[in-house]
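**Q** Build me a model from this:
(one chain, ligands or ions: 1)
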Amino acid sequence: MVVFETKDEALNHMSPETIRKNESHLRSRRAELYARLEQRDGIRIEAAAEGLDAVQNSQLREFAVGEIDRNSRQLREIESALSRIEAGEYGICLSCDEEIGPKRLAALPWATHCVRCQDRADREWARSGDSQDLPFDMMPAA
Ligand SMILES: [Zn+2]
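**A** Here you go, the predicted structure:
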């Protein structure tokens, strides 16, 4: 008799094709983010050269830094999703060990939490009052 561990059982719900599809989505998203991060640097230098006033300049810089921050964070999530694929742990909620679900992963291939745990985290996030900076699980997939 074959005894599956919880994680393996959950993984059986997601076909290797689905995982491969998500992996390629993750890889192209990663390339896109790297390209965008490089582009950001260029825009920032150009803006400074055009002689905006100090306030405009710092607002622009703040915006750019915020976006770079969000992009870097998503890159880290993508890297970690890719290594979970490699480890055979992809698609498992980090909080409750339940299956995240192929549908949710198709929309958010870097999702680390099932809808239930994400909802709970989002509510806690909303209570903290920091609505400017949504967890990127909330960002639309490209
Ligand atoms: Zn969960």
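
**Q** Residue 90 - that's part of a helix, no?
**A** No. Counting by DSSP: H, G, I helix; E, B strand; the rest coil, residue 90 is not part of a helix but coil.

**Q** which residue sits closest to it, ignoring its sequence neighbours?
**A** Spatial nearest neighbour of residue 90, excluding adjacent residues (CB to CB, 6 or more residues apart in numbering): residue 84 at 4.4 Å. Where you see a C-beta, it was placed from the backbone N, CA and C, and this is true even at glycine.

**Q** and if you look at residue 30?
**A** Nearest non-adjacent residue to residue 30, counting by CB to CB, 6+ apart: residue 78, 4.8 Å away.

**Q** okay, now that neighbour: neighbour count?
**A** 20 (other CB atoms under 10 Å).

**Q** Ok, residue 91 next?
**A** That count, for residue 91 with other CB under 10 Å as the rule, works out to 26.

**Q** how about it, phi and psi?
**A** phi 90, psi 10 (degrees, to the nearest 10).

**Q** quick one: pLDDT of the residue nearest to residue 90?
**A** Model confidence at residue 84, given as pLDDT, is 95.
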